[in-house]
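*Asks:* Could you look at this predicted model? Sequence included:
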Amino acid sequence: MKGLPIFDLAIIVIYLVGMILVGVFFSRRNKNSEQFTKASGLIPGWAIGLSIYATFLSSNTFLGVPGKAFGSNWNAFVFSISMPLAAWIAAKYFVPFYRSTGEISAYTHLENRFGAWARVYAVICFLLTQLARMGSIFFGIALSLQALTGYSMQMIMVVMGICIIIYTVLGGIEAVIWTEVVQAIVKTFGALLILYLIISNMDGGVSKIIEIGKAVDKFSLGSFKPDFVGSSFWVVLLYGFFINLNNFGMDQNYIQRYHTASTSKAASNSIWLCVWLYIPASLLFFIIGSCLFAYYEVNPDLVASIKHQVAVERSLSGASAAEVLKVQNLLQPSDYGDKIMPHFMVTKIPAGLVGLIVSAILSAAMSTISSGMNASATVFSIDIYKRYINPDITERQNLSLLHVATVGFGLLGMIAGIAMIGVKSILDVWWQLSGIFAAGMLGLFLLGIISRKTKNHEAIIATIIGILVIVWMTLSSLLPSGYEAFRNPLHQNMIIVVGTLTIFLVGIVLTKLKKQKT
C-alpha cells in the first residue's frame with residue numbers, strides 16, 4: 001500500500017493473511033454442503049452472537065455513523081434503541097420456528113404457505129438487499145483506504161474483494177463466523193483507539209467537545225413531535241424496529257446462523273448478546289462523530305482540503321477552478337461527513353497505529369461482506385438452482401455450486417460498490433435501499449406467520465398492492481413540477497414501515513372479506 005510506513009503495511013498484510021489462513025484451516029472440514037452452510041450445528045452460542053454483532057457493526061457503522069453524527073446529530077442512534085423489541089420477538093417466535101422447520105433457507109416456508117411465487121419474490125428481495133449492503137460496504141472500505149494509500153477506489157475494492165472471496169469460499173460459514181469473532185474484537189478495539197486519539201489531540205479535551213456539541217445540538221435524538229416527513233425520533237424508531245425485525249426474522253444472514261447453533265436456546269441467546277454489544281458500540285461511533293466535529297470546529301483550516309476534494313468529485317469533468325470553488329463554498333458538513341474520519345486517520349494517527357486502524361476498518365467491512373456472500377450463495381443454491389434448474393444435483397456438484405456462487409456474489413458486490421462512488425452518505429444510501437427491498441418481504445412473512453387463514457389469492461393481491469405503494473413512495477419524488485400533490489409526503493425511511501403494513505393489513509382485510517362471503 002503506497003504511502004503507508006512499512007510497519008503499518010506489515011500489520012495490514014498480517015491481518016489479511018491471517019483471515020485467509022482461517023479459511024484454509026476450515027477448508028479441511030468443508031467436505032459437504034451442510035458443513036459449508038450450517039457448520040453441522042456445532043458453533044457455540046457466544047461465537048454466533050459475536051458473529052451477528054460483527055455483521056451489524058459493518059463499515060457502514062464504522063464510517064457512516066461518525067459521518068452522520070458529524071453532519072447532523074445522534075438521530076440515527078434511535079435505530080439501535082429499537083433493537084431490543086425486535087430481538088425479543090425474534091428470540092421468542094422466529095428462532096423456534098426456523099429451528100423446528102429444519103430448512104436452511106429462510107424462504108422455503110413461504111412456498112409451503114403461499115406458493116412458489118412468494119418464495120421467488122422473497123429471494124429476489126433478499127439478493128437485491130445483499131447487493132446493496134455489500135456494495136455500500138465495499139464503498140466504505142475504498143473511501144477510507146483511498147485517503148491512506150492514494151490508490152483508486154476501484155482497485156482497493158478489487159484487492160480487498162479477492163481476499164474476502166478466498167477465505168469465504170475455502171472455509172464456508174464456519175470460517176465466516178470465527179473470522180467475525182476476531183473481527184468483532186479488532187473493530188471494537190479500533191474504535192476505542194480512534195476515540196482516544198481524537199480526545200488526546202483536542203485542545204480543551206472532553207469538556208470542550210461537550211461545550212461545542214451542546215452549542216449546535218449535536219447530541220439530539222431528533223424531534224419528538226409526531227412528524228413523519230422529516231427524520232424525527234419516531235421515523236427512525238419505526239424504521240429501526242421494522243428493519244431489525246426483518247434482519248432477525250427474514251434475513252438469510254441471521255437465519256443461517258440460527259442453524260449453526262447446537263440448541264434453540266443458544267441461538268436465541270446469540271441474538272441478545274448481539275443487541276447488548278451493538279447498542280453501546282453504535283453509541284461509541286456517534287460519540288466519535290461528535291468528537292470529530294468539535295475537533296474540526298476548533299481547527300477549521302483542516303476542513304478546506306476535504307471540501308475541495310468533495311467539490312472536485314461533484315463538479316463536472318473539466319470544470320474550472322472558479323466553478324469548483326463555487327461548489328466548495330456551498331458544501332455543508334453533511335456533504336463531506338463520510339470523509340472526515342479517513343482524513344483524521346491520515347493526518348493525526350501516528351505511524352504504527354494506522355495499520356491497526358486500517359485493520360479495524362477492514363474487519364468491519366469483511367465481516368458483513370463474507371456473511372452476505374455465504375448467505376447469498378446458499379439462497380441461490382437452494383431456492384433457485386435446486387428448485388428450478390437441477391433438483392437432482394449431487395452433493396459434490398452442490399458444494400462446487402456454492403463455491404462458484406460465493407465468488408459470483410462477491411464480484412457483484414464489488415460492482416455495486418463501484419457504482420456507489422460519489423454518494424453523499426453511505427448510511428443514507430444503505431438505509432434507503434434496504435428499506436425498499438425489505439418492505440415487501442417482511443410484510444409477506446408476517447402475513448404468513450400471523451394470519452393462518454390467509455391463502456394464496458389474498459397474499460398475491462396484498463403483495464401487488466404493497467409493491468405498487470413501495471414503488472410510488474420510492475419514485476414519486478421524480479414527478480415533474482405541477483404534480484407535487486402526487487408525491488410521497490413521508491420520509492424515505494417510512495417506506496419499509498408503510499410497505500410492510502400495507503401488505504399485512506390488506507391481506508388481513510381480504511381474508512376477512514372472503515370469510516364473510518363464505
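*Replies:* Cool, got the structure.

*Asks:* At the geometric centre of the chain, which residue sits there?
*Replies:* Geometric centre of the chain, nearest residue: Arg133, 4.9 Å, by Cα atoms, centre = their mean.

*Asks:* What helix or strand is that residue located in?
*Replies:* helix 116-149 (DSSP states H and E).

*Asks:* Could I get the buried residue list for that helix?
*Replies:* For helix 116-149, a neighbour-count test (16 or more other Cβ atoms under 10 Å) marks 118-149 as buried. (Glycine included, C-beta is placed from N, CA and C.)

*Asks:* Now for Arg396, how many residues are close by?
*Replies:* 11 (other Cβ atoms under 10 Å).

*Asks:* ok but Leu475 is inside a helix, no?
*Replies:* Yes: under DSSP: H, G, I helix; E, B strand; the rest coil, Leu475 falls within a helix.

*Asks:* What's the local residue count around it?
*Replies:* By other Cβ under 10 Å, the residues close to Leu475 number 12.

*Asks:* next one: Ala322
*Replies:* 7.

*Asks:* which ones are touching it?
*Replies:* For Ala322, the contact set (Cβ atoms under 8 Å, 6 or more residues apart in numbering) is empty.

*Asks:* if we can go back for a sec, is it true that the residue nearest to the centre of the chain touches Ser371?
*Replies:* No: look at Arg133 against Ser371 with Cβ atoms under 8 Å: they stay out of range, at 9.7 Å.

*Asks:* what's the closest non-adjacent residue to Ser264?
*Replies:* Closest residue in space to Ser264, ignoring its immediate chain neighbours: Arg99 at 4.7 Å, by Cβ to Cβ, 6 or more residues apart in numbering.

*Asks:* Can you name every helix or strand that the helix or strand harbouring the one you found contacts?
*Replies:* Assigned by DSSP H and E, Arg99 belongs to helix 95-101. Judged by 3 or more Cβ pairs under 8 Å, 6 or more residues apart in numbering; DSSP states H and E, helix 95-101 is in contact with helix 252-260, helix 264-298.

*Asks:* Tell me where the model's unsure across the stretch 101-250 of the chain.
*Replies:* Along the stretch 101-250 of the chain, segments meeting pLDDT under 70 span 147-149.

*Asks:* Let me see the contact set for Ala375.
*Replies:* 130, 251-253, 256.

*Asks:* repeat that with 6 Å
*Replies:* With contact taken as Cβ atoms under 6 Å, 6 or more residues apart in numbering, Ala375 is in contact with 252-253, 256.

*Asks:* where's it relative to Leu127, distance?
*Replies:* Distance, Ala375 to Leu127, using Cβ to Cβ, to the nearest Å: 10 Å.

*Asks:* Ser80 too?
*Replies:* Ser80 is 26 Å from Leu127, by Cβ to Cβ.

*Asks:* confidence score at Tyr296?
*Replies:* Tyr296 is assigned 89 on the pLDDT scale.

*Asks:* The residue lying closest to the residue nearest to the centre of the chain once chain neighbours are set aside: helix or strand, and which one exactly?
*Replies:* Once flanking residues are discounted, Arg133 sits nearest to Gly372: 5.7 Å by Cβ to Cβ, 6+ apart. Per DSSP H and E, Gly372 falls inside helix 354-379.

*Asks:* Send me the helix holding Arg99 as PDB with only the CA atoms.
*Replies:* Only the C-alpha atoms of helix 95-101 are listed here, as PDB (Å, rounded to 0.1, in the frame of the first residue of the first chain):
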ATOM      1  CA  VAL A  95     -35.800 -18.800  16.300                       C
ATOM      2  CA  PRO A  96     -38.000 -21.700  17.500                       C
ATOM      3  CA  PHE A  97     -39.900 -21.500  14.200                       C
ATOM      4  CA  TYR A  98     -36.900 -21.800  11.900                       C
ATOM      5  CA  ARG A  99     -35.200 -24.400  14.100                       C
ATOM      6  CA  SER A 100     -38.400 -26.500  14.000                       C
ATOM      7  CA  THR A 101     -38.700 -26.400  10.200                       C
END
